[in-house]
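1. Build the 3D model from these lines:
(2 chains)
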Amino acid sequence: MEDILLKVDNLHAGIEGKEILKGINLTVRPGEVGAIVGQTGCGKSTVSGVVAGDPKFTVTGGSADFHGVDLLALSPEDRSHEGLFLSFQYPVEIPGVSMVNFMRAAVNAKRKYFNEPALSAGDFLKLMRQKREIVELDNKLASRSVNEGFSGGEKKRNEIFQMAVLEPRLSILDETDSGLDIDALRIVAGGVNRLKTERNATIVITHYQRLLDYIKPDFVHILYKGRIVYSGGPELALELEEKGYDWIKQQVDNQ
Amino acid sequence: MSAIDQYISLYEHNREAIDSNAPHALNRLRPDALSALKRFGRFPGKRDEGYTKVSVEDMFAPDFGVNITRVPFAVDVARSFRCDVPNVSTLLGVVVNDSFRPTATLLKNCPEGVTVDSLASVAASDPDFIKEYLGRLSDNRDAAAALNTLLMKEGVVVRVRAGVKLDKAIQIVNIFNASADFMAVRRVLVVIEDDASARILFCDHSQSGDFKYLSSLVTEVFLHRGASLDYCDIEESTEQTSRMSQLFISQDEGSRLTVNGTSLTVGTTRNEYKVDINGSHCDTEIAVMAIADRKQTIDNSARINHFAPRSRSNQLFKYLLDEQSQGAFEGLIYVAPDAVHTEAYQTDRNLLASADARMHTAPQLEIYCDDVKCSHGAATGQLDQNALFYMQTRGVPKSEARMMLMQAFMSDVIDRVAIEGLRDRLRHLVERRLSGEHAACGDCAASCHN
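-> Modelled structure (predicted):
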């Protein structure tokens, strides 16, 4: 059998009765980096939200199979335990919840899901220390409230830090480059690249070529009007940068 | 018959028994209280302004037993009861129902210049001191306070003499333990003299949850020039317990005050905070948290009077209401015409964790002076759905994420608690409260819920 990590089939979803995704088909294999690109409003963030289980959205049709598990039937937390990770475009500030407590709850919830005992305090702190180095996250941030008062760059680094801790099979990075200066972008992309293995996969959602200079995709998918209308290799990203989206739009609209 | 008539008749029938068991310094205040009560005719009800959620009349209406003839309560209650806020201090006193009992360590460790004793015994040994202070702040302009004065017998006096800095916190544990429905008339007098400082923790508990209890509590606090007081109050009682607490505070020049109020488990509670800032350069911080679920009701009312210039006050009230619980907040900042350069702030934040919980809030400013900095703000909302989802995507189960967010909501109130050791204990108690375990059962020997 072919080794497939995620297979999304004819996925329809919307918000408050308005359909946004109109039949998404997407296949992701282990070891791959895929990019979903498209202009503002085409439904990029809805894809990530629906796959992660954001209750804002209602799925109206289709399926998503995640290494043999019916993804759409799981709660967001169980999707996480099964190995899905979403890096938010706008990471949420949670005043009063410290990063340490938050991550301890996350790590131990996953261990409980797999019937493993909770990590000891010492092992947990060691894990935090190791993972912090991957994204050069300041130790001071760990004792602060989740994302509260973090700069844009710190928030995104914090996302990749959490990704490093949770070791997902599939990571979806939603507009990870927005709000990042070039140094922060380099660090975040470096973190993502270091976490890449043959077993896991990454989907990068972006509307800039810039991020794809740092995280090289194997496939590029163009999202337009709630559908993936065109897929290609990494050269497609360069072509879009050069020619814009109009040629694709014309092609689709004339069909 | 209104609730007031019931107590007037009780007093008039038992006048001799009540007066003969109490010193003159207490009895002398009763005639005025009695005529005030006759004038009032009834306690405030929900139709009266400022009493939207709690009817004092309904609270006092049941025919509670009152300990008229000073029947002593079993001492072993004080010994067997393990308070949920342990080891804060060795200066520990216990009030069983309405009778004060110092512990052996309190008697041994109470330092020079510090008095922690029963009101009745101080009134007998130093009547002039009691006459000078008792009833001065809690006048008869309020019916519930007048009733407390009419029936008070025993209580607690804390006095710290001029210049004495008490580093240990004083802890007073109030316990209900009766074999019938019971009203405890509790009275507290705190006097911190010039440049003295103290920290006091009160906590309220109820045992034998089968009976209805009512606590009528009046506390008068005097902070003299340059005095400093950290005052903490925790209620962790039962749903059968009602509490009418009135805290009156007077601050002289340069005094510093923090008040922390915590309602963890209650039946029906009304807490009134009234602070008169009578001198300049005073500092007043009030931070209150209220947690309620089921059909519990918590009503907090605060009035800060800035009578003098150049003082600062800051209030933070936070409510977390779940299920069918109800909360109310009425807060008033009053700035007198000549209280220039006053800084006064008030914040009320409320979290409704269910569709049925209700919150009523009425923040108010009355400013009769131009040169001041004042603000007030109130907001009532629900749990942040984005934060919940964010936490879930990291694998934190929804129920746990909810609990962490609720706990986080109270973290800034807990951070303001001035007694070290109590902050951690409060975090733990709040966590336990939110996880649904019955408060006070963990260590208690009474096993009334088992």
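2. Next to chain A, which bits of chain B? Give me the list.
-> Counting by Cβ under 8 Å from any Cβ of the partner chain, the positions of chain B adjacent to chain A are B:384-387, B:389-398, B:400-401, B:404-405, B:407-412. Where C-beta positions appear, they are placed from N, C-alpha and C, glycine not excepted.
3. Would you mind giving me the PyMOL syntax to select the buried ones in those?
-> Filtering those down to the buried ones (16 or more other Cβ atoms under 10 Å in any protein chain shown) takes a single PyMOL command:
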select buried, chain B and resi 384+387+389+390+391+392+393+394+395+396+397+400+401+404+405+407+408+409+410+411+412
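4. check contacts around the residue nearest to B:Phe307 when sequence neighbours are not counted.
-> Residue nearest to B:Phe307 in three dimensions, not counting chain neighbours: B:Ala336, with 4.9 Å by Cβ to Cβ, 6 or more residues apart in numbering or on different chains. When contacts are counted by Cβ atoms under 8 Å, 6 or more residues apart in numbering or on different chains, B:Ala336 is found next to B:305-308, B:368-369.
5. Looking at the residues you listed, which is nearest A:Ile215?
-> Nearest to A:Ile215, judged by Cβ to Cβ, of the contacts of B:Ala336 is B:His306 at 59.5 Å.
6. Let me know whether B:Leu429 touches B:Ser263 as I believe.
-> No - counting by Cβ atoms under 8 Å, B:Leu429 sits too far from B:Ser263 to count as a contact (11.6 Å).
7. Looking at these two, which one has more neighbours?
-> More crowded of B:Leu429 and B:Ser263, by other Cβ atoms under 10 Å in any protein chain shown: B:Ser263, with 27 against 23.
8. does that one really touch B:Asp293, like I thought?
-> No - under the criterion of Cβ under 8 Å, B:Ser263 is not in contact with B:Asp293, lying 11.7 Å apart.
9. Count the neighbours of B:Val372 for me.
-> As a burial measure, B:Val372 scores 18 neighbours (other Cβ under 10 Å).
10. Can you say which helix or strand has the single nearest residue of chain B relative to chain A in it?
-> Going by Cβ to the nearest Cβ, chain A is nearest to B:Ala408 of chain B, at 2.8 Å. Per DSSP states H and E, B:Ala408 falls inside helix B:398-409.
11. So which elements touch that helix?
-> The helices and strands touching helix B:398-409, judged by 3 or more Cβ pairs under 8 Å, 6 or more residues apart in numbering or on different chains; DSSP states H and E, are strand A:94-98, helix A:99-113, strand B:312-321, strand B:343-352, helix B:385-393, helix B:422-434.
12. which one of those lies closest to B:Val188?
-> Of the helices and strands packed on helix B:398-409, nearest to B:Val188 by Cβ to Cβ is helix B:422-434, at 18.7 Å.
13. Could you export the helices and strands packed on helix B:398-409 as TSV, including distance to B:Gln240 and mean pLDDT?
-> TSV is the format used below for these (distance: least, Cβ to Cβ, whole Å; pLDDT from 0 to 100):
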stretch	distance to B:Gln240	mean pLDDT
strand A:94-98	32	93
helix A:99-113	35	96
strand B:312-321	20	97
strand B:343-352	25	97
helix B:385-393	34	97
helix B:422-434	18	89
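14. Reformat the ones you listed as a markdown table; add distance to A:Ala237.
-> Shown next, in a markdown table, are those (distance: least, Cβ to Cβ, whole Å):
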| stretch | distance to A:Ala237 |
| --- | --- |
| strand A:94-98 | 34 |
| helix A:99-113 | 33 |
| strand B:312-321 | 49 |
| strand B:343-352 | 45 |
| helix B:385-393 | 27 |
| helix B:422-434 | 48 |
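15. now the strands: where do they sit in the stretch 151-255 of chain A?
-> Secondary structure of the stretch 151-255 of chain A (DSSP state E, counting those that start in this stretch): strands at A:170-174, A:201-206, A:219-224, A:227-232.
16. got a markdown table for those, with mean neighbour count too?
-> Formatted as a markdown table, the strands of the stretch 151-255 of chain A follow (neighbours: other Cβ atoms under 10 Å in any protein chain shown):
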| stretch | mean neighbour count |
| --- | --- |
| strand A:170-174 | 25 |
| strand A:201-206 | 24 |
| strand A:219-224 | 22 |
| strand A:227-232 | 17 |
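17. could I get these as TSV with mean pLDDT and distance to chain B?
-> Shown next, in TSV, are those (pLDDT from 0 to 100; distance: least, Cβ to the nearest Cβ, whole Å):
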stretch	mean pLDDT	distance to chain B
strand A:170-174	95	10
strand A:201-206	94	14
strand A:219-224	94	21
strand A:227-232	93	23
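18. Nearest to B:Ile200, out of the ones you listed?
-> Once the strands of the stretch 151-255 of chain A are compared by Cβ to Cβ, strand A:170-174 is nearest, at 52.3 Å.
19. Within its sheet, name the partner strands of that closest one and how each one runs.
-> strand A:84-87 (parallel), strand A:201-206 (parallel) (DSSP bridges).
20. Show me which residues of the stretch 51-200 of chain A are close to chain B?
-> For the stretch 51-200 of chain A, the residues in contact with chain B (Cβ under 8 Å from any Cβ) are A:52-56, A:75-77, A:79-81, A:85-86, A:88, A:91-97, A:101-103, A:105-107, A:109-110, A:113, A:145, A:162, A:166.
21. Wait, B:Ala25 touches B:Pro127, no?
-> Yes - contact status for B:Ala25 versus B:Pro127: in contact at 4.2 Å, counting by Cβ under 8 Å.
22. and the two most separated of the contacts of B:Ala336?
-> Largest pairwise distance in the contacts of B:Ala336, by Cβ to Cβ, is 13.4 Å, between B:Ala308 and B:Tyr368.
23. Of the two, give the one with the bigger neighbour count.
-> Taking other Cβ under 10 Å, B:Ala308 and B:Tyr368 do not tie; B:Ala308 has more neighbours (21 against 12).
24. B:Gln42 looks like it's in a strand, true?
-> For residue B:42 the amino acid is Arg, not Gln. No - applying DSSP: H, G, I helix; E, B strand; the rest coil, one finds B:Arg42 to be coil, outside a strand.
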